[in-house]
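Peer 1: Sequence and predicted structure below; questions after.
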Amino acid sequence: MAAARIEPAELDRARQALAAISRSFDTRVVGQARLRETLLVGLMTGGHILLESVPGLAKTTAAQAVADAISAEFRRIQCTPDLLPSDIVGTQLYDAAQGTFVTQLGPVHANIVLLDEINRSSAKTQSAMLEAMQERQTSIGGVVHPLPAPFLVLATQNPIEQEGTYLLPEAQMDRFMLKDVLDYPTPAEEAEIIRRIDAGVFTPEQKPAAAASLDTVRELQDIVRRVYIDPAIIRYIVGLSYVTRNAADYIDARLAGFIEFGASPRASIAFSQAARAVALLDGRDHVIPEDVKSLAHRVLRHRLILGFDAVAEQVPVEAVIDAILAAVQTP
């Protein structure tokens, strides 16, 4: 059954809501336009985001800014080796006065959850969090507790400090819709950050009013599902994923030799869902090939598994992705 078309009034409401959320975000975060797009794509699709950067590039500020813009409940969890699954999902506490156990929900029960330095938590804790992300619920004492909607997890990794960390297994990395790598601000942007700090922009008293509501976000999620994607673009998406698994037949043999494992079908699903969101962010009710291309690095960089030779020769995964993009004909 075909999805209902998007009415012009709906598209206009979506444009206005997204513009208002973006303006609210920009009052708190300088630059980082791609990060803003990544967070809004995750919010509109329900897909979770993995962020990688050195410390101090506004990951927490950005997550808080999005939450404030939509009146969402925000929780930040600092991951450490001694963090337990119950510290995230919740636990049961004994109430001696009543002689009963009381359920205490964990910080994952929020609309936007920031898992800071997820690779510092143990494998057991990582699994508990990723299960909550996948199932959208937690089970405490045999009782199931649904997570709120919308629900978005932002997990961060620090690439320069690997001592005392537990790398996410490839199968768990695959569950993140997008992986974004943040860059340093330009000198002009860095100067603007200092100016805003001096002006008190980041103090709690200066927090801007919410630009939208959670109901607005749920409406955006419904509209995104109805953005039209042509069968030719679906074939293009599937072709990109297929070439990652059969690279030797399509790209330079040297680059193809670096790939140990290609992308799973989750990559194609992520492309199709995220491309719809990017189209809506651009004010369109249909997907174009450029939407898919703009997402290629974010969808594939954590799904293409490169061997040790790529590390030894300092070949970035983005170079391989660019070769794959060049090899697949654009519809």
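Peer 2: Done, it's in.

Peer 1: Just give the number of residues close to the closest residue to R284 other than its chain neighbours.
Peer 2: Counting by CB to CB, 6 or more residues apart in numbering, R284 lies nearest to V227, which is 7.6 Å off, once chain neighbours are set aside. (C-beta placed from N, C-alpha, C; glycine too.) Burial of V227 is recorded as 24 neighbouring residues (other CB atoms under 10 Å).

Peer 1: give the contact list for V227.
Peer 2: Listed by CB atoms under 8 Å, 6 or more residues apart in numbering, the contact set of V227 reads 6, 276-277, 279-280, 284-287.

Peer 1: switch the cut-off to 6 Å
Peer 2: V227 makes contact with 276, 279-280, 285, according to CB atoms under 6 Å, 6 or more residues apart in numbering.

Peer 1: For ChimeraX, write the select line for the buried members of the residues you listed.
Peer 2: Per 16 or more other CB atoms under 10 Å, the buried members of the contacts of V227 correspond to this ChimeraX selection:
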select :276,279,280,285
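
Peer 1: Filter the contacts of V227 down to the ones in helices?
Peer 2: Counting by DSSP state H, the part of those found in helices is 276, 279-280.

Peer 1: and of those, the nearest to R76?
Peer 2: L280 (27.9 Å; CB to CB).

Peer 1: Retrieve the pLDDT associated with that closest one.
Peer 2: pLDDT, L280: 96.

Peer 1: Kindly report the same for E161.
Peer 2: E161 is given a pLDDT of 60.

Peer 1: same thing with D183?
Peer 2: For D183, pLDDT reads 87.

Peer 1: before we move on, what about P148?
Peer 2: Looking at P148, its pLDDT reads 90.

Peer 1: Tell me how many other residues crowd the residue lying closest to it once chain neighbours are set aside.
Peer 2: Counting by CB to CB, 6+ apart, P148 lies nearest to N111, which is 5.4 Å off, once chain neighbours are set aside. N111 has 21 neighbours, counted by other CB under 10 Å.

Peer 1: for E260, same thing?
Peer 2: Using other CB under 10 Å, E260 has 13 other residues around it.

Peer 1: do the same with H109
Peer 2: Neighbour count of H109, defined by other CB under 10 Å: 20.

Peer 1: Same question for the one 10 residues further on.
Peer 2: Using other CB under 10 Å, N119 has 20 neighbouring residues.

Peer 1: That one contacts Q157, correct?
Peer 2: Yes - with contact defined as CB atoms under 6 Å, N119 reaches Q157; the gap is 5.2 Å.

Peer 1: In a markdown table, list the ones in helices among the contacts of V227 along with distance to V238.
Peer 2: As requested, the ones in helices among the contacts of V227 are exported to a markdown table (distance: CB to CB, whole Å):
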| residue | distance to V238 |
| --- | --- |
| R276 | 16 |
| A279 | 18 |
| L280 | 22 |
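
Peer 1: now, which of these sits nearest L43?
Peer 2: Set against L43, the nearest of these by CB to CB is L280 (11.4 Å).

Peer 1: Quick check: nearest residue in space to L40, chain neighbours excluded?
Peer 2: L281 (6.2 Å).

Peer 1: ditto for R34
Peer 2: For R34, ignoring the flanking residues on the chain, the nearest one in space by CB to CB, 6+ apart is D180 at 6.7 Å.

Peer 1: Quick one: end-to-end length of stretch 70-83, please.
Peer 2: Its start and end residues considered, stretch 70-83 measures 29 Å (CA to CA, to the nearest Å).

Peer 1: Let me fix that, I meant to ask about stretch 256-268.
Peer 2: Taking CA to CA as the criterion, the two ends of stretch 256-268 lie 20 Å apart.

Peer 1: Please point out which parts of that stretch sit buried.
Peer 2: Using 16+ other CB under 10 Å as the test for burial, stretch 256-268 gives 256, 258-259, 262-264, 266-268.

Peer 1: now swap in stretch 235-247 and tell me
Peer 2: Under the neighbour-count criterion of 16+ other CB under 10 Å, stretch 235-247 has 236-244, 247 buried.

Peer 1: so how far is that stretch off the chain centroid?
Peer 2: Put simply, stretch 235-247 sits 22 Å off its chain's centre (CA atoms, centre = their mean, to the nearest Å).
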